[in-house]
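[1] Provide a 3D model corresponding to the input given below.
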Amino acid sequence: MPREYPIDRYRNIGIIAHIDAGKTTVTERILFYTGISHKIGETHSGESIMDWMDQEKERGITITSAATTCFWVPSGMEKNKENEYRINIIDTPGHIDFTAEVQRSMRVLDGAVVIFDGVSGVEPQSETVWRQADKYNVPRICFINKIDRTGASFEDSLDSIKEKLTPDVVPMQLPFGEEENFKGVIDLIKRKFINFEGEFGEVVKEEEVPEEMKEKVEQWRSDMIEKIITEDEELFEKYMAGEEVTQEEIKKVLRKAVLKYKAVPLFCGTALKNKGVQPVLDAICNYFPSPTDLPAVEGVDPKTNEPAKRSLSDEEPFSALSFKLANDPYVGSLTFLRVYSGKLSSGSYILNANTGKKERISRILRMHADQREELKEIYAGDIVAAVGLKGTSTGHTLSDENCPIVLEDIAFPEPVVSIRVEPKTREDQEKMSVALRRLSEEDPTFRVEGDSDTGETIISGMGELHLDIIIDRLKREFKVDAQVGQPQVAYKETIRKSADEEGKYIKQSGGRGQYGHVKLRIDPFPEAGDNLEFVDEIKGGIIPQEFIPAVEKGIEEVMDEGVLAGYPIVNIKASLYDGSFHEVDSSKMAFKLAGSIGFKEAYRKADPVMLEPFMKVEVVIPPEYLGDVMGDISSRRGEIDSTKETKGKRSQKIIRAKVPLAEMFGYVTTLRSLTKGRGNYSMEFDSYKEVPHNIAQEIIEKGN
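    Reported below is the predicted structural model:
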C-alpha cells in the first residue's frame, strides 16, 4: 500500500507549556479548525477531546500526553489534498508531577508549540519544558495566549521570554488591543490586520492595518526582518542596499533559521475566544521541519557496539523508538512508537534491539486521543500505537533484525515522594500486584517496592498529585480497594569527609571456613550521583581478581539500603586498596560481606549526613497577602529568592523560593487560608540539600 502523504508534508509536533497556560484549549481549536472535530470541547467543562481520562475531566488538567492527527492547508494555497500537511500532535501535561510525559514526547517530536499565559508570561514549568526541548534540539514556535485577560501584556510576556528563555524569539504578529479591547492580530510579514469572525472564529479575514497602528507595525516589521535576514548573506545584502524583501524570501529564510535553532517565531491570541490559532497552524506547516529536514538518527549497532545511523526514509531498514506504554480497556497494552526509518506491515515480526528478542506487531493503530484507527502499514515519520508487544518497554528500539540499531534511550527524573499502600482483602492483594506492575510499566517515574521489614508495599512518584492520580486509577480502572499511608519524602544519605577502614569476614565452624579481608577508602564524590564510583587499586594479586566484583557488590547493597536511616546512599567513591585472602577459605560471598562490613565502618567515620529534596516554588498572590505568605514560607525553612510585581490593573505579587519538599505537604490548604482562596502556587524539583542536624536526628530515630 503506497504512502498516503509525502514525508516532506509531515509535521510531528507537541504542545507544551506551564499548567493552565491553555495547551489543551489550543489543541481543541486546532482539531476544530482542521475538521477533525465538529464541536469545540472545553477543558473547564470536562468536554475536551484530548483530556479523555476521567481524572482529567474532573480536575480540568492534562495528566497523560494524548496523540492525534489532523490535516491543514496553509493560507494562500488552494484547498485540496495535494496541498495538505499531515500534522501529528502530542498534547502534553503542564503539571510538574507529570514531567515524564513531556520528556518522552520531546524525545520523539520534530517541533514544539510553546504556549504562554499573556498575564503570567514565563512561569516555572515553562522553563522546565523549554530545557527539555533544548536537550533534544527541538525547534519551537511560541504562542502568547489569553491576550484578552485582565492584566495581559504582549510586550511584558515577550520580555520575559527574552530574559528567561531565549534572545532569539522573533515576533511575527502584534496584538490589536489587549485585555477586553483585544480585537485580533496584525501580521508583520503581510502588513495586514487579521480578524477572526463567525461563531467560533473560523472565518479569517485580512484587512488593512488600522491607522493608529501603522507606525508601530513598520518599526516592529523592520526589527523582525533585520533579525531574520542575518541568516542569509545574499538577502542581507539586498536589504542593506535598500531593496524590498519579498514575503516569500522572509518565510524561506525564517524556516532555515528555525531549523538551525537560530530563531523562534512568536504569535499571539486567545484560544478560548477563538482568535489567533489558524496563523499558528500556518506557521507549523511553513516553518517546522519535516522528518527529511532532520539529520539521520544516531544509535549503536548491538552486534558490534559501533555507532550506527538511519536516514529518515522509507528505503532504509526499519527503526522505531518506543516512547510510551498505555493500558487501553478495549485492546489491552499499547506501545506508542515513533517510526524513524523504513516501513512495516501489521502482523510482522520485528526485533527488540535492546533485548535481542523478536516481537510480533499484531495490530497498528493511529490514535486520536482515546479513539483508534486501524492501519495496515506504517512509514518513516509516523507516530502510532502498536498492539501485541510483550517485552518492549519505554525507550526500547524496534528494528529490522538483519540490520539492528539501538537508538538513544529516554532519561527520566527520580521520584521524590513515597506512600505506603495496603490492600484491604486477599482478593485486592492479587489485583493490586497486577495493577501496580502495569502502572509502573506505563510510567517510568512511578516506582513500586516492597518493604522487607514490614511486608508493606511502597509506591513512589514525582509529587502528591502524581500519587493521588495513581491511587485513583487503582480504584477506578483496576477495582482495587486499598488503604493509603501518609506521603513520605525520598531522603538520601551521603558523607562529608573521607575515611579509611578495613572489613573482615572470618568464620570457622568445622570443615571449610569463610575468609574475606579488605581495606577501603571512601570519599565524597558528587559526580557519581546515585551510583557508586568503585576504584580497584589492588596490585600484585593481594586479592585475586575474581573476588573484587564481589567487594563492589557488597558496597552497592549497603548503599541501596542506607546506614543512618534506611535511605539510599549517594555521591560516593570507594577505593579498594589492600586486603588479604586465604587459599582455601576465601570465597566471593566472604569478600562481598567483608566489603559491606568495611564500607559500613568507614561510612560511620566519614561524617555521614541526610539529604532532602528542595523544590523550586513560585507563589502568585494579591499584594496585600505578601507579608503573611513570605512569613509562612520562612517558617517552612524556605529560602526566598525574589519577589516581583506583575503589571496591569490587577497586579499580583510573585514569590520565588526554594523550600524543602517535607515542608510542602498540604501547602495548598494553608495558602488558600492565608489568601482567602486567591493565591496559587507551582513547584518543581530543584536539588538535594543537607537536612539540619536536629531534623536529621528525628528522621534517623524513626528509620531505626
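
[2] okay, how far is it across stretch 258-275, tip to tip?
    24 Å (CA to CA, to the nearest Å).

[3] Could I get the buried residue list for it?
    258-259, 262-272, 274-275 (16 or more other CB atoms under 10 Å). Every C-beta, even on glycine, is put in place using the N, C-alpha and C of the backbone.

[4] what's the closest of these to N680?
    Among the buried residues of stretch 258-275, L272 lies closest to N680 (CB to CB), at 18.4 Å.

[5] Tally up the residues packed near the nearest residue in space to the closest one that is not next to it in sequence, please.
    Counting by CB to CB, 6 or more residues apart in numbering, L272 lies nearest to T25, which is 5.6 Å off, once chain neighbours are set aside. When neighbours are counted by other CB atoms under 10 Å, T25 registers 25.

[6] Can you say which helix or strand has T25 in it?
    Assessed by DSSP states H and E, T25 sits inside helix 23-33.

[7] for that helix, what is the average pLDDT?
    Mean pLDDT, helix 23-33: 86.

[8] do stretch 341-361 as well
    On average, the pLDDT along stretch 341-361 is 91.

[9] Distance-wise, check N571 relative to I495.
    Distance, N571 to I495, by CB to CB, to the nearest Å: 8 Å.

[10] Identify the contacts common to these two.
    Common contact partners of N571 and I495 (CB atoms under 8 Å, 6 or more residues apart in numbering): P524.

[11] quick one: which of those two has more around it?
    Neighbour count, other CB under 10 Å: between N571 and I495, I495 has more, with 24 against 21.

[12] Give me the nearest residue to the more buried one, chain neighbours excluded.
    A606 (3.8 Å).

[13] residues in contact with that neighbour?
    A606 neighbours (CB under 8 Å, 6+ apart): I495, R496, K497, S498, A499, I522, P524.

[14] So what does it have for phi and psi?
    phi -100, psi 30 (degrees, to the nearest 10).

[15] which SSE is the spatially most central residue of the chain in?
    Taking CA atoms, centre = their mean as the criterion, Q103 is the residue nearest the geometric centre of the chain, at 2.6 Å. Assigned by DSSP H and E, Q103 falls within helix 99-108.

[16] Contacts made by that helix with the rest, please.
    12, 14, 16, 63-65, 90, 92-93, 112, 125, 128-129, 132-133, 135-136, 138, 321, 323-324, 338, 383, 394, 408, 410-413, 443-445, 462, 684.

[17] Keep only those of the buried residues of stretch 258-275 that are in strands.
    Among the buried residues of stretch 258-275, DSSP state E puts V264, P265, L266, F267, C268 in strands.

[18] before we move on, the earlier item: the residue nearest to L272 contacts G269, correct?
    No - with contact defined as CB atoms under 8 Å, T25 does not count as touching G269 (11.0 Å).

[19] V387 and L334 touch, don't they?
    Yes - contact criterion CB under 8 Å: V387 and L334 qualify, at 6.4 Å.

[20] Which neighbours do these two have in common?
    Shared contacts of V387 and L334, defined by CB under 8 Å, 6+ apart, are found at L365.

[21] Which one of the two is surrounded by more residues?
    Taking other CB under 10 Å, V387 and L334 do not tie; L334 has more neighbours (22 against 18).

[22] Let me know whether my guess that that one is in a strand holds.
    Yes - membership of L334 in a strand is supported by DSSP: H, G, I helix; E, B strand; the rest coil.

[23] show me what contacts it?
    Counting by CB under 8 Å, 6+ apart, L334 makes contact with L325, A326, N327, D328, L365, M367, A385, A386, V387.

[24] and the gap between it and P444?
    Where P444 is concerned, L334 sits at a distance of 16 Å (CB to CB).

[25] which regions of the stretch 401-550 of the chain sit below the pLDDT cut-off?
    Within the stretch 401-550 of the chain, the segments meeting pLDDT under 70 span 451-455, 509-511.

[26] which residues of it fall in helices?
    426-442, 464-476, 548-561 (DSSP state H, counting those that start in this stretch).

[27] what about the ones you listed, which gets the closest to S346?
    helix 426-442 (22.3 Å).

[28] which of the residues in that closest one are buried?
    Under the neighbour-count criterion of 16+ other CB under 10 Å, helix 426-442 has D428, K431, M432, A435, L436, R438, L439, S440, E441, E442 buried.

[29] from memory I15 sits against T27, does it?
    Yes - here I15 reaches T27: they are 5.3 Å apart, a contact under CB under 8 Å.

[30] Inside strands: which ones of the contacts of L334?
    L325, A326, N327, D328, L365, M367, A385, A386, V387.

[31] how many neighbours does the fifth one have?
    By that I understand L365. L365 has 19 nearby residues by other CB under 10 Å.

[32] picking that back up, can you select the buried ones from the contacts of L334 in ChimeraX?
    A single ChimeraX command selects the buried members of the contacts of L334 (16+ other CB under 10 Å):
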select :325,326,327,365,367,385,386,387
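
[33] Among the contacts of L334, pick out the one closest to K214, please.
    M367 (46.7 Å).

[34] which sections of the stretch 51-200 of the chain are below the confidence cut-off?
    Under the criterion pLDDT under 70, the flagged ranges of the stretch 51-200 of the chain are 51-66, 91, 93-101.

[35] so how far is the helix or strand harbouring S642 off the chain centroid?
    Assigned by DSSP H and E, S642 belongs to strand 639-645. Distance, stretch centre to chain centre, for strand 639-645: 26 Å (CA atoms, centre = their mean, to the nearest Å).

[36] From the buried residues of helix 426-442, pick the one nearest Y5.
    E442 (30.0 Å).

[37] Spatially nearest residue to the closest one (excluding sequence neighbours)?
    Using CB to CB, 6+ apart, the nearest residue to E442 is L325, at 4.8 Å.
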